[in-house]
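sequence and predicted model, in that order:
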Amino acid sequence: MANLVQHQWITAAFLLAAICVPCGAASAESVLNVNMLTDAQVKQELEDIDQLTDLLPFEKQDPVHLKQQLIGLGYKVINEKTDQFGLTRIRLTKINTIKDIKLRFEYLNNELADYALSVDIKGTPSYVNSQNQPLDKLIWNVLQKQGTEMSEEPLLHAHKMFQDVFDKYYQVVTAGKNDLKPVNISGDSKQLNNDYLFLVSDTYAYSADGNDCRPLHEDYYSSNASNADSAMDNLLAEKRLDLIENILDGFNPVGRIYAIRALEKLGLSDNRIIQDKINKILDMNKPINVCEKSHLNLTEYKNSIYINSNN
């Protein structure tokens, strides 16, 4: 009887060991799937974030002075442009081997209109401290303590918009400038205002010089074709022919091409005045880079979007 019991214990121990083999392997694998940072490395990574949060709230600062402070902290200006209506848009980045910090802000008459912040932890395996705490969570905690409303997925990012400043910008854009006629858009029609200024302003047309095609995250406008297409579709749905015609006289070369396509769809491109404007636009023999893809001129770009949209 004793031998039988001993045999059962041995069998049970063998089965338990067999079951735990994959468990042990998984545990070892989980250890291998992280990059352990030293305390000094973690301190350095969080110091970048602390320096940034010391500048908060951004809206209380003079935007030009804010830019200079960021440059002093090692940020590089990627793009800076002021559109024909007075809105300045600046993109900066600070890059090291472990993370990228990206910051974009816009201002009108020294008033901050909005800002976006993104922290991207690079590569795999993930980075952890000596207590096995993920670096992205440690960064998130620092930013949250400073009142920054950060989202953890898919990137650490935050976006804050100051509607009162953008309302002033809408008023400037819709008032007309040079060949642009004044237009009437209700202040409550935020989407319509956004679609119009996206297509008429050269600040949002980074495609004109081939930069900044990808937004910080999916909620942001960028200069890719899908956004231009969507904005124009919204104007067509609202039957705002006045806005579409105005975009022909606008400052965004990509917006102009989409306006031409919309007017051709509506059968209005044969109008003599409109046709003269279209011919002048297409006769501009100037290279254009759209999302870092080079086109010889606007005619070639126009043909490319017709092909891509199966028109």
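Thanks, I have it.

only C-alpha atoms from now on, for both contacts and neighbour counts.
Fine.

so H159 bridges to which residues?
Beta-bridge partners for H159, by DSSP bridges, are A116.

residues contacting it?
The contact partners of H159, by C-alpha atoms under 8 Å, 6 or more residues apart in numbering, come to 114-117, 149.

tell me the two of those residues that are most distant?
The largest separation in the contacts of H159, counting by C-alpha to C-alpha, is between D114 and E149 at 13.8 Å.

the two: which is more packed in?
Neighbour tally, D114 and E149, criterion other C-alpha atoms under 10 Å: the higher count belongs to D114, 20 against 15.

excluding its backbone neighbours, what's nearest that one?
Nearest in space to D114, with sequence neighbours left out and distances taken as C-alpha to C-alpha, 6 or more residues apart in numbering, is M161 at 4.1 Å.

N35 falls within a strand, correct?
Yes - under DSSP: H, G, I helix; E, B strand; the rest coil, N35 sits within a strand.

quick one: least confident of the contacts of H159?
Within the contacts of H159, the minimum per-residue pLDDT falls on E149 (68).

list the contacts for I260?
Shown in contact with I260 (C-alpha under 8 Å, 6+ apart): 248, 269, 278.

could you double-check that the first one lies in contact with R256?
Going back to what we said before, that points to L248. Yes - if you go by C-alpha atoms under 8 Å, L248 and R256 touch, sitting 4.9 Å apart.

so N193, which of the three states?
N193 ends up helix, using three-state DSSP.

what's the neighbour count on it?
N193: 22 surrounding residues under other C-alpha under 10 Å.

can you pull the pLDDT of it?
88.

that one against V172, yeah?
No - in this structure, N193 is not within contact of V172 by C-alpha under 8 Å, at 11.4 Å.

please identify the helix or strand for the residue nearest to Q163 when sequence neighbours are not counted.
Of all residues not flanking Q163 in the chain, A113 sits nearest, at 7.2 Å (C-alpha to C-alpha, 6+ apart). Secondary structure assignment for A113, by DSSP states H and E: strand 111-121.

and that strand, what does it pack onto?
Contacts defined by 3 or more C-alpha pairs under 8 Å, 6 or more residues apart in numbering; DSSP states H and E place strand 111-121 against strand 99-108, strand 156-161, helix 163-174.

again, only using 10 Å
Packing partners of strand 111-121 (3 or more C-alpha pairs under 10 Å, 6 or more residues apart in numbering; DSSP states H and E): strand 87-95, strand 99-108, helix 135-145, strand 156-161, helix 163-174.

report the angle between that strand and helix 135-145.
Orientation note: strand 111-121 sits at an angle of 160 degrees relative to helix 135-145 (axes from the mean of the first three to the mean of the last three C-alpha atoms, to 10 degrees).
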